[in-house]
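K.L.:
Prediction below, plus the sequence it came from.
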Amino acid sequence: MTDTAHAATPGLAGYNFAYLDEQTKRMIRRAILKAVAVPGYQVPFASRVMPLPYGWGTGGIQVTAAVIGPEDRLKVIDQGADDTVNAVSIRHFFARTAGVPTTTRTQDATVIQTRHRIPEAPLQRGQIMVFQVPIPEPLRWLEPREPETRRAHALADYGIMHVKLYEDIAHHGQVATSYDYPAMVAGRYLTAPSPIPRFDNPKLDRSPALMLFGAGRERRIYAIPPWTPVESLAFEDYPFEVQRWSRPCALCGATDSYLDEVVIDDQGNRRFICSDTDRCEQRRAEAAS
Amino acid sequence: MTAPPGGALGAAALPAAGLEMAVDDPSLLDADRLMVRFGARFACRDVSVRIWPGEVIAVVGESGAGKTTLLDCLSGQRAPDSGSVRYRTSAGGIIDVHQESEMVRRRLQRTEWGVVRQNPRDGLRLDISAGGNIGERLMATGHRHYGRIRAAAADWLERVELDVARLDDLPAQFSGGMQQRLQVARTLVSAPRLVFLDEPTGGLDVSVQARLLDLLRRLVAELDLAAVIVTHDLAVARLLADRMVVMQHGEIVESGLTDQVLDDPQEPYTQLLVSSVLRV
């Protein structure tokens, strides 16, 4: 991941590699190093204004720009799909500003920027996942005051999070939090895994890939280094469970993937298909051959 | 409930031994010459108080006398400008409350101490069910079994004479007196040894006050609690307290056994206070 003067695309000479100036990349890398050194801790950083609105992945783009190099291969997904507007735009952005090759195949990517999903294909050593995070603070909905949440993290005082789970079970008979499910990272910091479904939480645990989380508006970066234990919160008598579907994917027949419900006509008919488009396509290609 | 199985705060054990207190002095809490100033004014001036196990002590005085500031210092919520508060833990060690780390202080406040505030809105989480409110201290000290936490919450709801059917109701839907009883349950669920009550009956009408006082008196006796009660209501002190201290302008002007102070006040201010009570 070295910086080279970038002249791959005509007309962009004079711009820095991967859009950000070198000082900014250095600042973000420092934050990333600290985040990796203290797994789950939210490191403040001087988030820059990016050429897209807050909430569209400004944090993720800055992290990607800081870690990507010319030899990397980038994949961008939004809700698991490679072909949605946000994913296509960000992929093109880096193709233009960094000149890096892009891919939709999870296995071929070295850097994967994501919103809302972790790919179904197992991640490998050397891969970097970059998450776009809207609200990095897992306690935010329970405690609106930032000094109080910081103190809670400093003292590992997370009882209130279990109160939230208790309330879910008392009112719904189960933990109703289905995405951004809180997890303890390395037994120390309570962490919001960004809005991934809780289906993906087990993929964070002892993953061979490096997980980086960037929150542009909230100006925070945090990380889950490879092989770090990540434990989703639960009660002894109400253990953590992932979502399950009673039917397979309508396109590829997968029974082990996260399914999206899609309304297909005006009569309200619907079907369930894989949210990970790359995995779904690969399975269908395998079945056809 | 069984011993807490761990958790971050649960792991931060209180020191078993530390500073020395005289062996023949088994006092629970020893506040020595506390000073708190707000600008040129003293909220506490050379205030020394001792609390023995199982004893209820009332702090009385008019508003602005420094009662709540003293309570905040004793319960570790406000560091005094000078002076010390020493506490004997259940493990037998003595700790200097304001010299300890915030983590140890929080652990004390979650386990061996409890604070009941004047306004239940300050002491309760109004958007969380009664059961969640009672269970919070258990969960904060590492309890992770939903069924047992819920059973403990239901048990305590019953002990403070609230309808168990309201376990999942929000405190916002409770009356003032019920909220105050819920706050008592939430505080006592972790079996504290020392409870700080700040005007627990303030703002309640007299019949509700009477029931709450009955409840407190019963629980204090049952659980062998030590308690510090701040009140401006001398009748509350008479009913609950073994000993009382009278404060004026941040200083203790008189202290002694409750009946002795109320029946035979020595200081002019105490005499004024006692004679000001309306008799019907």
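P.N.:
In hand now; what should we look at?
K.L.:
how about the residues of chain A that lie near chain B?
P.N.:
Contacts of chain A with chain B, taken as C-beta under 8 Å from any C-beta of the partner chain, map to A:151, A:155-160, A:162-163, A:166-167, A:169-171, A:188, A:234-238. Where you see a C-beta, it was placed from the backbone N, CA and C, and this is true even at glycine.
K.L.:
Okay, and which of those map to helices?
P.N.:
Using DSSP state H, A:Arg151, A:Gly159, A:Ile160, A:His162, A:Val163, A:Tyr166, A:Glu167, A:Ile169, A:Ala170, A:His171 are the members of the residues of chain A next to chain B that sit in helices.
K.L.:
Dihedrals phi and psi, residue 104?
P.N.:
Picking chain A for this. The phi/psi pair for A:Thr104 (degrees, to the nearest 10) reads phi -110, psi -10.
K.L.:
was after chain B, sorry
P.N.:
Dihedral pair for B:Val104: phi -70, psi -40, per degrees, to the nearest 10.
K.L.:
Run a quick check on it versus B:Ile95, I expect a contact.
P.N.:
Yes: counting by C-beta atoms under 8 Å, B:Ile95 is a contact partner of B:Val104 at 7.0 Å.
K.L.:
which residues touch residue 253?
P.N.:
The chain I'm using is chain A. With contacts defined as C-beta atoms under 8 Å, 6 or more residues apart in numbering or on different chains, A:Gly253 is in contact with A:Arg283, A:Ala287.
K.L.:
looking at chain B here, not the other one
P.N.:
So B:Val253 contacts B:Val246, B:Met247, B:Glu267, B:Tyr269, B:Thr270 (C-beta under 8 Å, 6+ apart).
K.L.:
Specify the local secondary structure of B:Phe42.
P.N.:
Recorded secondary structure, B:Phe42: strand (DSSP: H, G, I helix; E, B strand; the rest coil).
K.L.:
ok, now the one 5 residues further on?
P.N.:
The three-state label for B:Val47, taken from three-state DSSP, comes out as strand.
K.L.:
Would you show me how to pick out the buried ones of the ones in helices among the residues of chain A next to chain B in ChimeraX?
P.N.:
Filtering these down to the buried ones (16 or more other C-beta atoms under 10 Å in any protein chain shown) takes a single ChimeraX command:
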select /A:159,160,162,163,166,167,169,170
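K.L.:
In chain A, spot the helix with the most residues.
P.N.:
helix A:22-37.
K.L.:
elements contacting that helix?
P.N.:
Under the contact criterion of 3 or more C-beta pairs under 8 Å, 6 or more residues apart in numbering or on different chains; DSSP states H and E, helix A:22-37 touches strand A:43-44, helix A:58-67, strand A:210-215, strand A:220-224.
K.L.:
tell me the contacts of the residue in the stretch 151-280 of chain B positioned nearest to chain A?
P.N.:
Closest residue of the stretch 151-280 of chain B to chain A, C-beta to the nearest C-beta: B:Asp168 (5.1 Å). Contact analysis of B:Asp168 by C-beta under 8 Å, 6+ apart lists A:Ala170, A:His171, B:Ser129, B:Ala130, B:Gly131.
K.L.:
how about the strands in the chain?
P.N.:
By default, I'm working from chain A. Ranges of strands in chain A, per DSSP state E, are A:43-44, A:74-78, A:111-115, A:128-132, A:183-185, A:189-191, A:210-215, A:220-224, A:230-232, A:259-263, A:270-274.
K.L.:
that's the wrong chain, I meant chain B
P.N.:
Assigned by DSSP E, chain B shows strands spanning B:29-38, B:41-51, B:56-60, B:82-88, B:94-96, B:113-116, B:194-198, B:226-230, B:243-248, B:251-257.
K.L.:
can you redo those strands as a markdown table with mean pLDDT?
P.N.:
Below are the strands of chain B laid out as a markdown table (pLDDT from 0 to 100):
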| stretch | mean pLDDT |
| --- | --- |
| strand B:29-38 | 93 |
| strand B:41-51 | 92 |
| strand B:56-60 | 93 |
| strand B:82-88 | 93 |
| strand B:94-96 | 92 |
| strand B:113-116 | 93 |
| strand B:194-198 | 94 |
| strand B:226-230 | 93 |
| strand B:243-248 | 93 |
| strand B:251-257 | 93 |
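K.L.:
OK, contacts around A:Arg283?
P.N.:
Contacts of A:Arg283 by C-beta under 8 Å, 6+ apart are A:Cys252, A:Gly253, A:Ala254, A:Cys274.
K.L.:
Most neighbours among the residues you listed, please name it.
P.N.:
When neighbours are counted by other C-beta atoms under 10 Å in any protein chain shown, A:Cys274 leads the contacts of A:Arg283 with 26 neighbours.
K.L.:
if I pick the closest residue in space to that residue that isn't next to it in sequence, what's in contact with it?
P.N.:
Closest residue to A:Cys274 in three dimensions, ignoring its sequence neighbours and counting by C-beta to C-beta, 6 or more residues apart in numbering or on different chains: A:Cys280, at 3.8 Å. A:Cys280 makes contacts with A:Cys249, A:Leu251, A:Cys252, A:Ala254, A:Ser257, A:Ile273, A:Cys274, as judged by C-beta under 8 Å, 6+ apart.
K.L.:
from those, which single one is nearest chain B?
P.N.:
The shortest approach to chain B among the contacts of A:Cys280 belongs to A:Ser257, at 30.0 Å (C-beta to the nearest C-beta).
K.L.:
Surely that closest one and A:Arg279 touch.
P.N.:
Yes: counting by C-beta under 8 Å, A:Ser257 touches A:Arg279, with 6.3 Å between them.
K.L.:
what does the stretch 151-280 of chain B put close to chain A?
P.N.:
Contacts of the stretch 151-280 of chain B with chain A, taken as C-beta under 8 Å from any C-beta, map to B:Leu167, B:Asp168.
K.L.:
shaky segments in the stretch 151-280 of chain B?
P.N.:
B:280 (pLDDT under 70).
K.L.:
what's in contact with the longest helix anywhere in chain B?
P.N.:
Counting residues, the longest helix found in chain B (DSSP H) is helix B:206-223. Applying C-beta under 8 Å, 6+ apart, the external contacts of helix B:206-223 come out as B:56, B:159-161, B:175-177, B:180-181, B:184, B:188, B:191, B:197, B:200-201, B:204, B:225, B:227, B:236, B:239-240.
K.L.:
out of those, which are buried?
P.N.:
Among these, those buried by neighbour count (16+ other C-beta under 10 Å) are B:56, B:159-160, B:177, B:180-181, B:184, B:188, B:197, B:200-201, B:204, B:225, B:227, B:236, B:239-240.
K.L.:
Can you give me the neighbour number for the residue of the stretch 101-250 of chain B found nearest chain A?
P.N.:
Using C-beta to the nearest C-beta, the single residue of the stretch 101-250 of chain B nearest to chain A is B:Ala140, 2.7 Å away. Using other C-beta under 10 Å, the number of residues around B:Ala140 comes to 26.
K.L.:
Excluding sequence neighbours, find me the nearest residue to it.
P.N.:
Leaving aside its sequence neighbours, B:Ala140 sits nearest to A:Gly159 (C-beta to C-beta, 6+ apart; 2.7 Å).
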